[in-house]
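1. structure, please.
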Amino acid sequence: MIPRTRIRNIGISAHIDSGKTTLSERILFYTGRIHAIEEVRGGGKGATMDFMPEEKLHGITITSAATTCEWYDTQINLIDTPGHVDFTIEVERALRVLDGAVMVLCAVAGVQSQSITVDRQMKRYRVPRLAFINKMDRMGADPFHVVQGIRDHLQLNAMLIQYPIGSEDQFQGVIDLVEMTADYFEGENGENHVKKSIPEPLRDEAQQAREKLLDALSLFSEPMTEMLLAGEEIPKALIWQTIRQATLSLEFTPVLLGSAFKNKGVQNLLDAVVLYLPSPIDREVVKTASVSVYPNPDAFLVALAFKLTVESFGQLTYTRIYSGTLKPGDTVYNSRTEQRVQIGRLVRMHANKREELKVAVAGDIVALLGVDCASGDTFCSGEPLVSLEKMFVPEPVITLAITPKKQEDSDRLSKALNRFQREDPTFRLSIDPESGSTLISGMGELHLEIYLERIQREYNAEVYVGTPAVAYRETIRQQATFDYRFKKQSGGPGQYAHITGWIEPTDEPFIFENRVVGGAIPKEYIPACEKGFREAMQSGQLEGYPVTGVKVVLDGGSYHPIDSSELAFRLASHQAIESVIAKAKPYILEPIMLVEVETPNEFMGRVQGDLSSRRGLLLGSETMQGYTVIRAEVPLARMFGYSTELRSLTSGMATFSMEFACYRQS
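-> You can find the predicted model right below:
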């Protein structure tokens, strides 16, 4: 069994087209996990980690894929995540269970919109990270500008621990600022990592960069500070140790350079993963409401199911083990359902291939076959039943109405939708009460387009698709009080409930506060009141959209010893909100998207004018060599079909990305 100190659970995350999957392919090649390199858009079999037909067709990563490889004596459990914002839940649940991460940035574009989202996710789960500036071979590559962007836009203490040997088509390798050697990558696939002396023209620049690095690192090491003041040479081991400690404490972000496509710099990155990113025992202790969970194989079992895929043989459950040991045949408890679960097969994933395991211990990321559970469930070995923190799930922003073309498509469609809803927390299913149509909701046009393709390919079901609809919301402007009495008599025992309180605006989606004192409402009826309030928030008074941003305070009421019931208080709460919400001056909110357009300079005016015509708020622009990045906030309702319009405006030379920013009054 590999010692826990020699395991790294890492993810690779970045903006779309930054080269994550290309980098993952090189990592698998250099660690000996695969024996030939395939490209994302190479026309061959496709990259190892992009195994879905839709990924090969669109040339992007859609679902996170897990694999395991070894770099010298260290086992690296790797998850390659999507870069497109529509599939951000894949990044979210990967970072929820990983110990460390590699943030990939393009040497030309630098910090992009999804880079900011990924950074926010890493900070949410306090994940230490390295930054890898990829595509150093591209025209316009400027690693120093990218590092400054990391510091300015992400507020990270980022510094290069390498210095480039050339750039663009002259990029040859990197200078290691710790060892002060020049690293080159020779051979057909860059497999020969060669260390040489630093080229004479770069010696002074490299020395200045090293001194700047040591000066920054000395803030985290008193011995280093003393040695610098004394003019002594700093040992390599002390530099490595200091970088590692500062990285694990989230106070420092080491930045490395390379070109995955040109097979340069990847071996250095693997070395840095081993040197600077945490093992399972280095991460902060996982705390729950009842206990602290330590990565001890001999302790009680605590494991988190963080991703599900439903296949022909049953459910495949990706699981991170935080404590204890798990074997096939073990019986564990699902803390949500409080039911016993028997573990059948235990496997380690290599993209879509499986390797049987006889045992998994604290720190491992594995998959369970045939276990029935939901994403976010916690497994434990017994009392106390531990529940780990669930991941953040963003709300869908776009809805489509779909109808089966033929009667025989109906059952197949139902199976597909139920499966997708189980696998993807951001894919929602509902019924239009007026038309009876099935509504699917997701994170964007591409998100739903992929599922429509899968419905046809995997389930051979054909559907009619309605025009996209925006997921509007309703909210309130002011406080309003309610005093609602629910009475119903029908021959036998009646129904009685009386509640008083008020509603008011809040920044949270929904808050319920119980201020009932003196037993005016029995405690056993309070949860029913909250349930009724939540149900009322599902449909607003203006256009029937869900209501958000409301705090409900329950401060009193009365009950009948015979006629009162949970049902009566739930119905009273629901109807009280419906009666009072009009007095709180409701209004419609619409989703606003953060749009980032990268366009050649000559089309900048056209693009800005078009964004303004879509009710866009221009946030600013950044001009680089030959092109401009324009950032704007635009209502989602005005962004449908934008890709076609943008191609027309810029002769097909501009690209754009967008992500949800906020809800705002329409």
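2. show the pLDDT at the nearest residue to Arg320 once chain neighbours are set aside.
-> Spatial nearest neighbour of Arg320, excluding adjacent residues (CB to CB, 6 or more residues apart in numbering): Val97 at 3.7 Å. Every residue, glycine included, has its C-beta placed from N, CA and C. With respect to pLDDT, Val97 has a value of 87.
3. for the one 4 residues further on, same thing?
-> The predicted local distance difference test score for Ala101 is 94.
4. please apply the same query to Gly59.
-> pLDDT, read off for Gly59, is 69.
5. do Gly501 as well
-> For Gly501, the model assigns a pLDDT of 95.
6. how about it, what does it touch?
-> Thr481, Phe482, Arg515, Val552, Val553, Leu554, Asp555, Gly556, Ala576 (CB atoms under 8 Å, 6 or more residues apart in numbering).
7. and it, what helix or strand is that in?
-> Assigned by DSSP states H and E, Gly501 belongs to strand 495-505.
8. what residues sit buried inside that strand?
-> Neighbour-count burial for strand 495-505, counted by 16 or more other CB atoms under 10 Å, picks out Gln495, Tyr496, Ala497, His498, Ile499, Thr500, Gly501, Trp502, Ile503, Glu504.
9. pipe those residues into a markdown table and attach distance to Pro404 per row.
-> Compiled in a markdown table, the buried residues of strand 495-505 are given as follows (distance: CB to CB, whole Å):
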| residue | distance to Pro404 |
| --- | --- |
| Gln495 | 40 |
| Tyr496 | 45 |
| Ala497 | 42 |
| His498 | 47 |
| Ile499 | 43 |
| Thr500 | 48 |
| Gly501 | 45 |
| Trp502 | 46 |
| Ile503 | 41 |
| Glu504 | 44 |
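10. which residues does Phe171 contact?
-> Met136, Asp137, Ala141, Pro164, Ile165, Ser259, Lys262, Lys264.
11. circling back to that earlier point, sheet partners, orientation included, of the strand holding Gly501?
-> strand 480-488 (antiparallel), strand 550-558 (antiparallel) (DSSP bridges).
12. please save the CA atoms from the helix or strand just after the last one in PDB.
-> So the one you mean is strand 550-558. Using DSSP H and E, the helix or strand that follows strand 550-558 towards the C-terminus is helix 566-580. Output of helix 566-580 as PDB, limited to C-alpha atoms (Å, rounded to 0.1, in the frame of the first residue of the first chain):
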ATOM      1  CA  GLU A 566     -49.300  19.700  10.200                       C
ATOM      2  CA  LEU A 567     -51.400  19.800   7.000                       C
ATOM      3  CA  ALA A 568     -53.500  22.700   8.300                       C
ATOM      4  CA  PHE A 569     -50.400  24.800   9.200                       C
ATOM      5  CA  ARG A 570     -48.600  23.900   5.900                       C
ATOM      6  CA  LEU A 571     -51.700  25.100   3.900                       C
ATOM      7  CA  ALA A 572     -52.000  28.200   6.100                       C
ATOM      8  CA  SER A 573     -48.400  29.100   5.500                       C
ATOM      9  CA  HIS A 574     -48.700  28.600   1.800                       C
ATOM     10  CA  GLN A 575     -51.800  30.700   1.500                       C
ATOM     11  CA  ALA A 576     -50.500  33.400   3.900                       C
ATOM     12  CA  ILE A 577     -47.600  34.100   1.500                       C
ATOM     13  CA  GLU A 578     -49.900  34.200  -1.500                       C
ATOM     14  CA  SER A 579     -52.200  36.700   0.300                       C
ATOM     15  CA  VAL A 580     -49.400  39.000   1.500                       C
END
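13. got the angle for helix 566-580 vs strand 480-488?
-> Counting by axes from the mean of the first three to the mean of the last three CA atoms, to 10 degrees, helix 566-580 lies at 140 degrees to strand 480-488.
14. which strands or helices does helix 566-580 pack on?
-> Helices and strands touching helix 566-580, by 3 or more CB pairs under 8 Å, 6 or more residues apart in numbering; DSSP states H and E, are strand 480-488, strand 495-505, helix 526-536.
15. for Lys20, find the nearest of those.
-> Taking CB to CB, helix 526-536 is the member of those nearest to Lys20, at 38.6 Å.
16. please, where are all the strands along the stretch 51-200 of the chain?
-> 65-71, 74-80, 100-106, 129-134, 158-160, 162-165, 173-176, 181-186, 192-196 (DSSP state E, counting those that start in this stretch).
17. that older thread, to Thr288, which of the strands paired with strand 495-505 lies closest?
-> Short answer: strand 550-558, nearest of the strands paired with strand 495-505 by CB to CB, at 27.2 Å.
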